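Undergrad: Next comes the sequence, and after it the predicted model I'd like to discuss.
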Amino acid sequence: MEEKIKNLLKTSKEVIKNCSLENGAIIAADTDKPYYPKTVTNYRFVWPRDASFTICASELLGIKNIKELFLKWLITRAEHFSESGMLFQRYDTHGRRNMGASQYQPDQAGALLWVLTKTNENLNKETKEVIKLLADGICKNWGGKHFNIDTYDLWEERRTFPSLEDNFSYTLAACSFGLKKAYEKLGDNKWLKVSQEMKKTLEEFKGDYYCRLWGKIPDKRIDASVLGLVWPFNILKKDKKLLNSIEIVKKKLLTEQGIKRYENDEYGGRVENLSYCKKGGGGWPILTFWYIIALSEIGQKEESKKIFEKYIRKFEKYIPEQLFDNNIQESVSPLCWSHSMFIIASEKLGYLK
């Protein structure tokens, strides 16, 4: 087992370095590599959310300068970021928003705030500047109980509307936690106020678990992103409601291939004749490692280790975006975020030595 983990960590370091470009951009997958499948969609884009977890993993492995270069890329290249503090769906490597990728996804700002405030070291000028931009960007679009402009979830498939007063559970947790940490570092009371409003809104969700979306027309399905409410965006108490949410993820989304995003997910990543095949989603290593981390965080460390040691046997060298229950569907591979979550899970369980 130690040798297996050692080899996957070595590969993960290689993947992270390959996805960290010269200009500071952190891409989701390096499509230029010969091992990247030709049947799947292109992932040579910058998703700030993915980059956040990659930065966390790179620091655990002691890889230097990835965070610093990415922050410089954000400030100098990411389209409209320095003017608005807002992060959108995805970016081309030279910094322009990818054509058609216009979704506003505020959870990405929350994720970056989390990783930028994790350090005990003094923040440099550039980091402070990015934190301020991110925090102000969230706050100016918050309406007291919901965002005052349309937002999208981290899977880029669901949308909120101010007229329906709806919110994604994961988005609120990410933003509330990120703003709280930003306040603790830089002390802007406005950020704390919005963080507390978001937390209160999240706590007022009705029901015995945290579903995907609440509002005038709720979406009560369970979504694996609820794992983020346990880690890293643990803005809430680990009460019965939160623990029940994790249990429902296990009952409804855990398969032999790993945790699925949500029930009846169709996205598989395969492309034919310029269209997604949509023949059914598989298990996501990102989410399975996230589930392992969540179990560890709620005191089920032995169970999390058991799942971890069984799951990593599925990977020879590279960790893909998804695993399927057939030999036909192919996945984006390797996915930098998958490797990053493997590294973080390894550290949480004490394997990263």
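TA: Thanks, I have it.

Undergrad: Do a quick rundown of the helices in the stretch 1-150 of the chain.
TA: Secondary structure of the stretch 1-150 of the chain (DSSP state H, counting those that start in this stretch): helices located at 2-19, 48-61, 66-76, 81-84, 107-116, 125-140.

Undergrad: ranking the ones you listed by burial, who's on top?
TA: Of the helices of the stretch 1-150 of the chain, the one with the most neighbours on average (mean count of other CB atoms under 10 Å) is helix 107-116, at a mean of 26. Every residue, glycine included, has its C-beta placed from N, CA and C.

Undergrad: so how far is that one off the chain centroid?
TA: 9 Å (CA atoms, centre = their mean, to the nearest Å).

Undergrad: Report all helices and strands that it contacts.
TA: Contacts defined by 3 or more CB pairs under 8 Å, 6 or more residues apart in numbering; DSSP states H and E place helix 107-116 against helix 48-61, helix 66-76, helix 125-140, helix 169-186.

Undergrad: how about 7 Å then?
TA: Secondary-structure packing of helix 107-116 (3 or more CB pairs under 7 Å, 6 or more residues apart in numbering; DSSP states H and E): helix 48-61, helix 125-140, helix 169-186.

Undergrad: ok, back up a step: any chance of the helices of the stretch 1-150 of the chain in TSV with distance to Lys180 and mean pLDDT as columns?
TA: Output for the helices of the stretch 1-150 of the chain, formatted as TSV (distance: least, CB to CB, whole Å; pLDDT from 0 to 100):
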stretch	distance to Lys180	mean pLDDT
helix 2-19	28	96
helix 48-61	16	98
helix 66-76	21	98
helix 81-84	22	97
helix 107-116	9	98
helix 125-140	10	98
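
Undergrad: wait, Ser161 sits on Asp150?
TA: Rather than Ser, residue 161 is Phe. Yes. Between Phe161 and Asp150 there is a contact under CB atoms under 7 Å: 5.9 Å.

Undergrad: burial of the closest residue to Tyr152 other than its chain neighbours, as a residue count?
TA: Leaving aside its sequence neighbours, Tyr152 sits nearest to Gln103 (CB to CB, 6 or more residues apart in numbering; 4.0 Å). Close neighbours of Gln103, defined as other CB atoms under 10 Å, add up to 16.
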